[in-house]
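**Student:** model this:
(2 chains, ligands or ions: 1)
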Amino acid sequence: MKSLQELKKLITENEIWRSVFRHGYTDTPRNRVLQIISNVWLHLHPAKVREHGTKIRFTWCMGGITFFIFLFETLTGILLMFYYTPDVNRAYADIVDLMYVVPFGRFLRNSHRWGAHAMVITVSIHMLRVFLTGSYKPPRQFNWVVGVFLLVLTFLLSFTGYLLPWDQLGYWAITVGTNMARATPLLGHEGPFAYILGMEANNDIRFALLGGTSIGAPALLRAYVWHCIGIPVIASALMMVHFWRVRKDGGISGPL
Amino acid sequence: MAVSEQRNVSVEIKDDKVFTWPNLVAKEFLAAIFVTVGLLVYSYFVDAPLRELSNPGQAENPAKAPWYFLGLQEALVYFDPWFAGVVLPSIIILGLIVIPYVDNNPKGNGYYTFRERKFAVSTFMFGYIFWYILIYIGTALRGPFWSFFWPWEEWTHDFPTPPPLHNLPLPVGIALLLGFYFFGLVLPALINRKFFNKIGIIRYVITMGLMVTMFGTVLKMFLRLAFNIKYMIATPWINI
Ligand code: HEM
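**Tutor:** Numbering: from 1, shown residues only, chains lettered A, B, ... in the order given. Model prediction:
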């Protein structure tokens, strides 16, 4: 026991430790506050919150879990990027390697895949709870709108990732999905009134999405860039706004 | 003396706040741990799907979009792609965005209640559940050529030919559609003046327009299933 105390002292009472952790932790109200406001990650939170806002039966913790899964996907996604090449001649082989050769590759790919599905589910449950608690009512109208964009972005994140393994499943799923764009009124070459704008297979909105008239190398690269950079950046920016707004609108909603 | 006492009282009533650390943070960490463990355990036992190398010459049958879009793909049975794949999802997104601005009922802000906002909650729940029902049908009950199979039936390629479909005569279709929107927009206002007055004409038109469209979508599906009607309105330019 004695030596444990001494060890602790040795570790904590020196300049290096002190330069990182500025205060000790005796459980005082002051420290509870400091714990939040002197930590760059935790100070997303206010130092104190209304009690009902901490209840799992109120928020179902679904917004927080969605955000957490987003971080989880970022981490596993970066690891996957070390092994994956967005090239039609290599993509599939890279995934097969991940499944059979790379140590823990299968585990890594599985977690990224199931995490993506989980995020789609949790975000829609989050929306349901926000609706059922009427939390979109004043002053939180705009944060609901930000949320709707996040919902769409979550779908798109998952959707763009679907093509990347370059297998039959992803290929035909994305074919079915992007074929819809053909039928866009005015903007898709098979859509109603497209002749007004002179839309053809090689200049309509689907062409812009795919970088071609069918799903090929340009489409794979586009899906990759949107999936790994474009959409995550946009979604992160909107999440910042979303969390900032939660606080500026007076914290988690509650009975007045 | 009296003043400071009063202050104390008001502070006590207002302040139901607790320290974020540990009350909230502890729960968040726990949730993070459970989610991580859950995902990792699941990933350990269940493999992500991977089929053969993509082959543009050989379409999957059925070719299905990712599950969260299968509600829309299922809607393709009943509507042309411009509606099921483009306009319907756009309406859904726009509809979600306008919710806070058309629902001006001040009650039920920040707590669960059905009694104080029956209309809003039932409309939303209807759409939410219907979305998932369509996803379920599209995911589990649609086999080759998008033909319908019950869960206990095996997916085969020889299923009975579906009955022939027909279109409504154009004038009838147009009359039905216009009539549907007209009554959908006008009747509720006449029957429930209080509601109309409370939300005002602009909110009313947007709300009911969206709601009538939602029910119209469902009704069109019903027409197709019950009477084999393909289009209510068939023209060379656009079909509904
Ligand atoms: C990537 C997606 C999203 C993330 C990471 C996210 C995250 C969060 C978090 C952490 C909160 C704090 C309260 C809680 O956990 O419930 C919150 C609140 C909120 N979210 Fe989201 N959210 C997302 C999508 C959405 C969507 C789709 C909507 C609605 C359409 C929405 C609307 C709101 C609103 C209005 C609040 C304030 C609720 C209140 O004060 O009670 N969010 N969000």
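**Student:** residue boundaries of the helices in the chain?
**Tutor:** Here I'm looking at chain A. Shown for chain A, the helices assigned by DSSP state H span residues A:2-12, A:15-20, A:29-37, A:56-59, A:62-81, A:91-100, A:105-132, A:141-163, A:168-182, A:205-210, A:217-225, A:231-248.
**Student:** looking at chain B here, not the other one
**Tutor:** B:2-14, B:20-45, B:70-75, B:81, B:88-102, B:118-140, B:170-191, B:193-227.
**Student:** Compute the number of surrounding residues for the residue lying closest to residue A:112 once chain neighbours are set aside.
**Tutor:** Among residues not flanking residue A:112 along the chain, residue A:76 sits closest, at 4.1 Å (Cβ to Cβ, 6 or more residues apart in numbering or on different chains). Just so you know, the C-beta spots here come from the backbone N, C-alpha and C atoms, and that holds for glycine as well. Residue A:76 has 22 neighbours, counted by other Cβ atoms under 10 Å in any protein chain shown.
**Student:** And for residue A:16?
**Tutor:** Counted by other Cβ under 10 Å, the residues lying close to residue A:16 total 8.
**Student:** Tell me how far it lies from residue A:10.
**Tutor:** Distance of residue A:16 to residue A:10, computed by Cβ to Cβ, to the nearest Å: 12 Å.
**Student:** swap in residue B:213?
**Tutor:** Taken as Cβ to Cβ, the span from residue B:213 to residue A:10 is 70 Å.
**Student:** What of residue B:234?
**Tutor:** To residue A:10, residue B:234 is 84 Å away according to Cβ to Cβ.
**Student:** per-residue confidence at the residue of chain B found nearest chain A?
**Tutor:** Residue nearest to chain A within chain B: residue B:85 (2.9 Å; Cβ to the nearest Cβ). Note for residue B:85: predicted pLDDT of 93.
**Student:** Test my guess that it contacts residue A:180.
**Tutor:** Yes. Using Cβ atoms under 8 Å, residue B:85 and residue A:180 qualify as a contacting pair, with a distance of 2.9 Å.
**Student:** which residues sit in contact with the closest residue in space to residue B:49 that isn't next to it in sequence?
**Tutor:** Distances taken as Cβ to Cβ, 6+ apart put residue A:169 closest to residue B:49, at 5.8 Å, once the chain neighbours are dropped. Residues near residue A:169 by Cβ atoms under 8 Å, 6 or more residues apart in numbering or on different chains: A:162, B:49, B:50, B:51, B:60.
**Student:** And residue B:132, by the same measure?
**Tutor:** residue B:71.
**Student:** Tell me how far it lies from residue B:83.
**Tutor:** Residue B:132 sits at a distance of 20 Å from residue B:83 (criterion: Cβ to Cβ).
**Student:** got it, and residue A:73?
**Tutor:** Taking Cβ to Cβ, one finds residue A:73 at 32 Å from residue B:83.
**Student:** average model confidence for stretch B:54-65?
**Tutor:** Averaged over stretch B:54-65, pLDDT sits at 92.
**Student:** scratch that, stretch A:57-77 is what I was asking about
**Tutor:** Per-residue pLDDT values over stretch A:57-77 give a mean of 96.
**Student:** Other residues contacting that stretch?
**Tutor:** A:52-53, A:108, A:111-112, A:115-116, A:118-119, A:122-123, A:125-126, A:129-130, A:133, A:154, A:157, A:228, A:232, A:235, A:239, A:243, A:252, A:254, B:27-28, B:31-32, B:35-36, B:39.
**Student:** Can you tell me the closest non-neighbouring residue to residue B:147?
**Tutor:** In space, residue B:147 is closest to residue B:159, 5.0 Å off (Cβ to Cβ, 6+ apart).
**Student:** any idea how far residue B:24 is from the one you found?
**Tutor:** Per Cβ to Cβ, residue B:159 is found 55 Å from residue B:24.
**Student:** between the two, which one's more packed in?
**Tutor:** Neighbours were counted for residue B:159 and for residue B:24 using other Cβ under 10 Å; residue B:24 has more, 25 against 14.
**Student:** these two touch, right, that one and residue A:51?
**Tutor:** No. The pair formed by residue B:24 and residue A:51 falls short of the contact definition of Cβ under 8 Å, at 9.7 Å.
**Student:** quick check: domain ranges of chain B?
**Tutor:** The record's domain parsing of chain B by automatic domain parsing lists B:16-50, B:67-227.
**Student:** Of all those, which one comes closest to residue A:138?
**Tutor:** Each of the domains of chain B has some distance to residue A:138 by Cβ to Cβ; the shortest is domain B:67-227, at 7.4 Å.
**Student:** for the stretch 1-150 of chain A, which spans come out with low pLDDT?
**Tutor:** Counting by pLDDT under 70, the ranges of the stretch 1-150 of chain A that qualify are A:1.
**Student:** need the residues of it near the ligand, please.
**Tutor:** Within the stretch 1-150 of chain A, the residues that sit near the ligand (Cβ under 6 Å from any ligand atom) are A:59, A:62-64, A:66-67, A:70, A:123, A:126-127, A:130, A:133, A:135-136, A:140, A:143-144, A:147-148, A:150.
**Student:** Make a PyMOL selection of the buried ones in those residues.
**Tutor:** Command for PyMOL, covering only those of these found buried under the criterion 16 or more other Cβ atoms under 10 Å in any protein chain shown:
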select buried, chain A and resi 59+62+63+64+66+67+70+123+126+127+130+133+135+136+140+143+144+147+148+150
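**Student:** ok, back up a step: buried deepest among the helices of chain A, which one?
**Tutor:** Scoring the helices of chain A by mean neighbour count under mean count of other Cβ atoms under 10 Å in any protein chain shown gives helix A:168-182 as the most buried, with a mean of 22.
**Student:** residue contacts, residue A:45?
**Tutor:** So residue A:45 contacts A:36, B:20, B:24, B:25 (Cβ under 8 Å, 6+ apart).
**Student:** one step back: how far away is the residue of chain B closest to chain A from residue B:153?
**Tutor:** Per Cβ to Cβ, residue B:85 is found 28 Å from residue B:153.
**Student:** Give me the more crowded residue out of those two.
**Tutor:** Applying other Cβ under 10 Å to residue B:85 and residue B:153 shows that residue B:85 carries more neighbours, namely 28 against 11.
**Student:** Spit out the contact partners of that one.
**Tutor:** A:179, A:180, A:181, A:183, B:72, B:76.
**Student:** please redo it, this time with the cut-off set to 6 Å
**Tutor:** Applying Cβ atoms under 6 Å, 6 or more residues apart in numbering or on different chains to residue B:85 gives the contacts A:180, A:183.
**Student:** From residue A:165, how far off is it?
**Tutor:** Distance, residue B:85 to residue A:165, using Cβ to Cβ: 23 Å.
**Student:** next one: residue B:124
**Tutor:** Residue B:124 sits 36 Å away from residue A:165, going by Cβ to Cβ.
**Student:** neighbour count winner among those two?
**Tutor:** Neighbours around residue B:124 and residue A:165, counted as other Cβ under 10 Å, are more numerous at residue A:165. The numbers are 26 against 19.
**Student:** Thought residue A:93 was touching that one, still the case?
**Tutor:** No. With contacts counted by Cβ atoms under 6 Å, residue A:165 stays clear of residue A:93, the gap being 10.6 Å.
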